[in-house]
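> dropping the sequence and predicted coords here.
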Amino acid sequence: MAERITGRAGEVLKFGLGARNWLLAQLDGTDEQFAWVPPEGGRSAKELVDHMTWVILTVCSHLSEILGIELTISDPQQVSGVKTQLVEDIQSAYNAYKTLCGRLNDELLDTETTLPPPARLREGTVETILRIMTGYHVVHHSGQLAVLLRRSKNELQV
């Protein structure tokens with residue numbers, strides 16, 4: 001059984017996992033809906049989820065490197081179906097996040113650091129960066145995802 005993460009690191013983990021759960025709750029669509037791109041341009045629902053998982057993995061990898069924490073990030077299992085693959089990708093990204101949180105203490109959470117471009121959040125404590133990038137950022141894009149999937153359903157008349 002996995003060791004329970006307590007203290008501030010546990011609170012940061014719980015916050016990010018709440019965002020993950022909200023994201024997973026929005027994944028209701030067909031393969032065609034996930035591939036649909038708005039006529040005015042922008043990302044498809046799949047591309048939006050790919051963006052979120054990429055950001056989580058990149059931030060976790062960058063922070064672990066800065067903090068000297070060995071973090072092995074496993075590639076997600078390849079499964080059939082777009083929605084099933086997106087769920088696998090999200091779970092894989094958040095597994096890396098869980099692992100990182102399990103290796104953080106208060107001193108590491110308070111470490112001031114920076115993120116390289118293209119990150120818009122340039123600097124902050126490790127705790128702030130994790131809360132923003134694995135929590136608020138994901139919730140923000142989850143709202144966009146819900147709208148995209150609803151629009152695609154109407155456009156495609158699914």
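Looks like it arrived, so ask away.
> show me where pLDDT drops low in the chain?
Within the chain, the segments meeting pLDDT under 70 span 1-3.
> give me the buried positions along the longest helix along it.
When the chain is parsed with DSSP state H, its longest helix is helix 45-67. Within helix 45-67, the residues that count as buried by 16 or more other Cβ atoms under 10 Å are 45-46, 48-49, 52-53, 55-60, 62-64, 67. All C-beta spots, glycine's among them, are computed from the backbone N, C-alpha and C.
> over to stretch 121-128?
Here stretch 121-128 shows Gly124, Val126, Glu127, Thr128 as buried, counting by 16+ other Cβ under 10 Å.
> show the contacting residues for the residue lying closest to Glu88 once chain neighbours are set aside.
Excluding its sequence neighbours, the residue lying closest to Glu88 (Cβ to Cβ, 6 or more residues apart in numbering) is Pro76, at 4.6 Å. Neighbouring residues of Pro76 by Cβ atoms under 8 Å, 6 or more residues apart in numbering: Gln85, Glu88, Asp89, Gln91, Ser92.
> got it, and Ala19?
Residues near Ala19 by Cβ under 8 Å, 6+ apart: Thr134, Gly135, Tyr136, Val138, Val139, Ser142.
> make it 7 Å
Thr134, Gly135, Val138, Val139 (Cβ atoms under 7 Å, 6 or more residues apart in numbering).
> can you put the residues you listed in JSON lines and add neighbour count, secondary structure and distance to Ala9?
As requested, those are exported to JSON lines (neighbours: other Cβ atoms under 10 Å; DSSP: H, G, I helix; E, B strand; the rest coil; distance: Cβ to Cβ, whole Å):
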{"residue": "Thr134", "neighbour count": "28", "secondary structure": "helix", "distance to Ala9": "13"}
{"residue": "Gly135", "neighbour count": "19", "secondary structure": "helix", "distance to Ala9": "14"}
{"residue": "Val138", "neighbour count": "26", "secondary structure": "helix", "distance to Ala9": "18"}
{"residue": "Val139", "neighbour count": "14", "secondary structure": "helix", "distance to Ala9": "20"}
